[in-house]
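Participant: Quick one, fold the following:
(one chain, ligands or ions: 1)
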Amino acid sequence: MPTITKLYTMEEASQHNTNEDCWVVIDGKVYDVSSYLDEHPGGDDVLLRATGKDATDEFEDAGHSKTARELMEQFCIGEFLEMPPPIPELEIVSKNQEFKNLPHKILNMSKQYWAVPVAVVGLSVAIGFLYLRKK
Ligand code: HEM
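Facilitator: Numbers count the residues shown, from 1 in each chain. Purely as a prediction, here's the structure:
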């Protein structure tokens, strides 16, 4: 039977960063080490500092034994879902002020183009009015 793996984003994993509720992300897997904080031979502070990021390097740097690696499996709650980085071009377009102000620019332009015929018609009416009054 296939096993269902829960996927967690870093945003979700990083919310579990307290003494009572502590998750760490190591080598693509998410571990709930809340119950292990007091027993961790390296101390609870290192685990708490390892939350909210990929702690693979810190875990490897500590030179964990085979026993430690076997032990950690019981704390595994799922896998880490890495979100793709935002596409730079789309970001540039969305941040570009020129594109953001485009609706206003179009509105202003349409106002300008209306102003000329309205002015011409207004002037013609005024001249016509004055001409008729003189007669
Ligand atoms: C589920 C996760 C983890 C488990 C089960 C675990 C388990 C252990 C165990 C059993 C030891 C004793 C030494 C050994 O047998 O290797 C240990 C030591 C240690 N661990 Fe972890 N660990 C975990 C995560 C981490 C993380 C994420 C860090 C660093 C950010 C870390 C840092 C350390 C340090 C600094 C020591 C002490 C090494 C020493 O004094 O020689 N551990 N850990």
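Participant: residue ranges for the strands of this structure, please.
Facilitator: Listed in chain order, the strands of the chain (DSSP state E) span residues 7-8, 23-26, 29-32, 76-80.
Participant: Kindly compare burial across those and name the winner.
Facilitator: Ranked by mean neighbour count, the strands of the chain are led by strand 23-26 with a mean of 24 (mean count of other Cβ atoms under 10 Å). Placement of C-beta: from N, CA and C, glycine included.
Participant: contacting residues around the residue of the chain found nearest the ligand?
Facilitator: At 2.5 Å from the ligand, residue 42 is the closest residue in the chain, using Cβ to the nearest ligand atom. Going by Cβ atoms under 8 Å, 6 or more residues apart in numbering, residue 42 touches residue 62.
Participant: and the gap between it and residue 61?
Facilitator: According to Cβ to Cβ, to the nearest Å, residue 42 and residue 61 sit 11 Å apart.
Participant: cool, and residue 43?
Facilitator: As judged by Cβ to Cβ, residue 43 and residue 61 stand 15 Å apart.
Participant: How about residue 77?
Facilitator: With Cβ to Cβ as the criterion, residue 77 and residue 61 are 23 Å apart.
Participant: can you check residue 49 too?
Facilitator: Computed as Cβ to Cβ, the residue 49 to residue 61 distance reads 13 Å.
Participant: Could you save the strands of the chain as JSON lines and add columns showing distance to residue 121?
Facilitator: Shown next, in JSON lines, are those (distance: least, Cβ to Cβ, whole Å):
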{"stretch": "strand 7-8", "distance to residue 121": "66"}
{"stretch": "strand 23-26", "distance to residue 121": "70"}
{"stretch": "strand 29-32", "distance to residue 121": "71"}
{"stretch": "strand 76-80", "distance to residue 121": "68"}
